[in-house]
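Undergrad: Sequence and predicted model, in that order:
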Amino acid sequence: MWPIMVGLLEEIWKLLAEMSPYLLLGFFIAGLLHIIIPKEKIYKHFSGNNMFSVLKASLFGVPLPLCSCGVIPVAAHLRKEGAGKSSTISFLISTPTTGIDSILATYSLLGLLFAIIRPVSAFFAGIFAGIILNLSQKEKKAEVSEDFSCAICDVATPHAHSLTYKIKRMFKYGFFDLIEDIGKWIVIGVFFGGVIGYFVPSNIIERYLGNPELAYPLMLVISIPMYVCATGSIPIAASLIAKGMTPGAGLVFLIAGPATNTATLSFVAGKLGKKALFIYLFAIVFTSLLFGFLIDYIWQILGKDLTMFTDGMKMIPSWLKTLSAILLTGFILKAIFKKNKKEITGMGRILKVPDMSCEHCKKTIDSSIRKLKGIKDVRINLKTKEVEVIGDVPGELIISAIREAGYSVEEVDNE
């Protein structure tokens, strides 16, 4: 039993050490992007239904580190601020499929070819869906909000921040807020990647998943309804490919998994319509199969050499990988065991938000409610999916604020 535990832990640590330097760099860049990209500029660029807005929506979406759950409130806000359906759906597809952190992590475990094809496929899928939806309907250009929106905080009145404050916010977002969102998914991904690498025999994977005719549809069936983060999915795909799964099937999983889940499908159907849902799914399936076949074709031309995907990059010294893994583990543990300082007291109005599932959701809802006049405090419990609002504010305004942020809401009888 002890040798098995040691072997499994060694496999898990190996995956984590390979990813950690690139993840830390990715989190740093994500924090930088969070500070330097003004929200109001993005919203204005997404307005209307034309090819240029679709292009910009896909381009903006690729580097942003938002998961398929966290992208929902952002997309809802974009739509509310005047973004057209076509640019909204482009953003919905390209954003969760990849991100600056997952691009670098892909490079660490799957090599340069995967790291290039993955964001290119995300960009293509967003444009493809946006163009089809744009051509299939006529939508009037919505009015774009001219309200001030700070890229750093949620204060709506015009103001400025010092350089020191911006740097603090950059590190807080990149290494604390973002890791709170995806830290557990990195843990899950690395754990299952280690389990596959240590326990699953290569001949089983090669027999059933080495055939694209079986592996591609199986990856689609598994990945479309489930929630998997763009970064957390990488060690799972890397372990399966190392065991004999066709690289194209791995890419299908890396595209379709992060791009969709049941919550996103429900949002697209409810907010953008059934036609948009069909186009959304068609674009993701078509893109994942197209680029899956492409990467398998390249692989065959190069002699089916799996080392181009499984060896990773050897440029980083082992001591730096170890140090990075220790540092990242510390950040993740801090995020996982973070205590909720504001517990539900029962003194205010309590609302249930069923589709609130991550720290990004929590922050979005908190920000949306606090913009209402008369709010004294907002307390949110992510585990119970409850929101407590203390203040002299009509209940319908609170419910409306949560719905406008992109979430469903139910009132709880707390008397």
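TA: Great, that's in hand. Numbering: from 1, shown residues only.
Undergrad: part of a strand, is Lys376?
TA: Yes: assigned with DSSP: H, G, I helix; E, B strand; the rest coil, Lys376 falls within a strand.
Undergrad: burial measure for it, as a count.
TA: 11 (other CB atoms under 10 Å). Bear in mind the C-beta positions are built from the backbone N, C-alpha and C, glycine included.
Undergrad: For Met347, see how far away it is.
TA: Distance, Lys376 to Met347, by CB to CB, to the nearest Å: 10 Å.
Undergrad: quick check, distance from stretch 226-240 to the centre of its chain.
TA: Centroid separation for stretch 226-240 versus its chain: 12 Å, with CA atoms, centre = their mean, to the nearest Å.
Undergrad: Which parts of the chain are strands?
TA: Here the chain has its strands, by DSSP state E, at 349-352, 375-381, 386-391, 410-411.
Undergrad: any idea of the mean pLDDT in the longest one?
TA: Confidence over strand 375-381, taken as the mean pLDDT, stands at 86.
Undergrad: Can you name every helix or strand that it contacts?
TA: helix 359-370, strand 386-391 (3 or more CB pairs under 8 Å, 6 or more residues apart in numbering; DSSP states H and E).
Undergrad: List of residues touching that strand?
TA: Outside strand 375-381, the residues that touch it by CB atoms under 8 Å, 6 or more residues apart in numbering are 340, 342-345, 348, 356, 362, 365-366, 369-370, 386-391, 393.
Undergrad: List buried residues within these.
TA: Among those, those classed as buried by 16 or more other CB atoms under 10 Å are 344, 348, 356, 362, 365-366, 369-370, 386-389, 391, 393.
Undergrad: Tell me which of the residues you listed has the lowest pLDDT.
TA: Ile344 (75).
Undergrad: Contacts only, for the closest residue to that one other than its chain neighbours.
TA: Nearest residue to Ile344 in three dimensions, chain neighbours excluded: Glu388, at 4.8 Å (CB to CB, 6 or more residues apart in numbering). By CB under 8 Å, 6+ apart, Glu388 lies in contact with 344-351, 378-381.
Undergrad: which residues does Glu388 bridge with?
TA: As for beta bridges, Glu388 partners with Ile350, Arg379 under DSSP bridges.
Undergrad: so what's the closest residue in space to Gly99 that isn't next to it in sequence up against?
TA: Ranked by CB to CB, 6+ apart and with sequence neighbours excluded, the top spatial neighbour of Gly99 is Pro65, at 3.7 Å. Contacts for Pro65 were tallied using CB under 8 Å, 6+ apart; they are 26-27, 30, 99-102, 178, 182, 230.
Undergrad: Around Pro212, count how many other residues there are.
TA: 19.
Undergrad: tell me the contacts of it?
TA: By CB under 8 Å, 6+ apart, the contact set of Pro212 is 246, 248-249, 292-293, 296.
Undergrad: Ile344 now?
TA: Taking CB under 8 Å, 6+ apart as the test, what Ile344 contacts is 350, 379, 381, 384, 386, 388.
Undergrad: Leaving out sequence neighbours, find the closest residue to the fourth one.
TA: The reference is to Thr384. Nearest to Thr384 is Ile344, by CB to CB, 6+ apart, at 7.4 Å.
Undergrad: Ramachandran coordinates for Ala230?
TA: Per-residue torsions, Ala230: phi -60, psi -30 (degrees, to the nearest 10).
Undergrad: How many residues are close by it?
TA: A count of nearby residues for Ala230, using other CB under 10 Å, gives 30.
Undergrad: again, but for His360
TA: Neighbourhood size, His360 [other CB under 10 Å]: 23.
Undergrad: The one 3 residues further on now?
TA: Lys363: 17 surrounding residues under other CB under 10 Å.
Undergrad: Check Pro235 too.
TA: When neighbours are defined as other CB under 10 Å, Pro235 has 30 of them.
Undergrad: And for Leu33?
TA: Number of residues near Leu33 (other CB under 10 Å) recorded here: 19.
Undergrad: Make sure it is actually in contact with Asp101.
TA: No: with contact defined as CB atoms under 8 Å, Leu33 does not count as touching Asp101 (10.5 Å).
Undergrad: Can you pull the residues that touch both of Lys376 and Met347?
TA: Residues within reach of Lys376 and of Met347 at once, by CB under 8 Å, 6+ apart, are Ile390.
Undergrad: List the residues that contact Ala125.
TA: Counted by CB under 8 Å, 6+ apart, Ala125 has contacts 93-94, 97, 255, 259, 283-284, 287-288.
Undergrad: Which members of these define the maximum pairwise distance?
TA: Ser94 and Ser288 (13.3 Å; CB to CB).
Undergrad: low pLDDT regions in the stretch 151-300 of the chain?
TA: Scanning the stretch 151-300 of the chain for pLDDT under 70 picks out 151-158.
Undergrad: which stretches of it form helices?
TA: 163-172, 178-199, 202-209, 212-223, 233-242, 247-259, 262-267, 274-301 (DSSP state H, counting those that start in this stretch).
Undergrad: Among those helices, which comes closest to Gly130?
TA: Nearest to Gly130 among these is helix 274-301; the distance by CB to CB comes to 8.6 Å.
Undergrad: what's the offset of that closest one from the middle of its chain?
TA: In terms of CA atoms, centre = their mean, the centre of helix 274-301 is set 19 Å apart from its chain centre.
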